[in-house]
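Undergrad: From the sequence below, what's the structure:
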Amino acid sequence: MEESKEIIKFVFDWSTLIACLAFFVAVHQAWISRKHNKLSVQPLIYDFMDEGDKCFTYSIRNKGHGVAKVKTFKFFWAGLEITDEELRGKVKPYIKHKDHFKITNLGSDFGMSNDEIFKLIDLTVVSDGLSDIPADRFKKIINLIVTNCRVKIKYKSLYNEEFSFETSTSAIDLNLYKEE
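TA: Numbers count the residues shown, from 1 in each chain. Predicted coordinates:
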């Protein structure tokens, strides 16, 4: 009798240990799954420029897998925060009647789905007459924008993880845009 109690106690202790280990493995697996899910819905905003002979666009895109909940969107000029109207004012002296110049201020508190693209600056320079040299004006405007204008965005993922974006100049050879 005594021997059977020892066997039952021994088996019970092992079954308890195995049950506890199974519980800890399940909790760990749930934690890994949640961490993986957070990564699978993480937004990633990046910028890109498209420059032609007389046209230029500066855009941002959410290349991540989840929605970017944008909290703040700001333009900066030479390191100082400016409004989109002030940005227009910096470029307006070089814009002629037939030119197309559009600035988009996205404001704040909006969502940007994955693969969504927003054109922030859209410029097309057109000749305004015989004395006008659109290529020179275009170069001047692009010099101003590329060397001075920056965008800063603060955004969150669906899990409220905070991220920020700032205009990348690492891939731009700013020497190409300096005035001579």
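Undergrad: So in the chain, which strand runs the longest?
TA: Using DSSP state E, we find that the single longest strand of the chain is strand 68-77.
Undergrad: Name the nearest residue to the residue nearest the centre of the chain, ignoring sequence neighbours.
TA: Taking CA atoms, centre = their mean, the centroid of the chain lies closest to Ile45, which sits 1.7 Å from it. Once flanking residues are discounted, Ile45 sits nearest to Phe165: 4.4 Å by CB to CB, 6 or more residues apart in numbering. C-beta coordinates here come from the backbone N, C-alpha and C atoms, glycine included.
Undergrad: ok, what's across the strand from that neighbour?
TA: Ile153 (DSSP bridges).
Undergrad: Contacts only, for it.
TA: 45-47, 60, 151-155 (CB atoms under 8 Å, 6 or more residues apart in numbering).
Undergrad: what's downstream of the lowest-mean-pLDDT helix or strand in the chain, the next helix or strand?
TA: Using mean pLDDT, DSSP states H and E, the weakest-scoring helix or strand in the chain turns out to be helix 2-40, at a mean of 71. Downstream of helix 2-40, the first helix or strand assigned by DSSP states H and E is strand 45-51.
Undergrad: With only the CA atoms kept, save that following strand in CSV.
TA: C-alpha atoms of strand 45-51 as CSV (Å, rounded to 0.1, in the frame of the first residue of the first chain):
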residue,chain,number,x,y,z
ILE,A,45,7.1,55.9,-44.4
TYR,A,46,9.9,56.9,-46.8
ASP,A,47,10.3,59.7,-49.4
PHE,A,48,11.3,59.8,-53.0
MET,A,49,11.9,62.5,-55.7
ASP,A,50,11.2,62.3,-59.3
GLU,A,51,12.9,64.9,-61.5
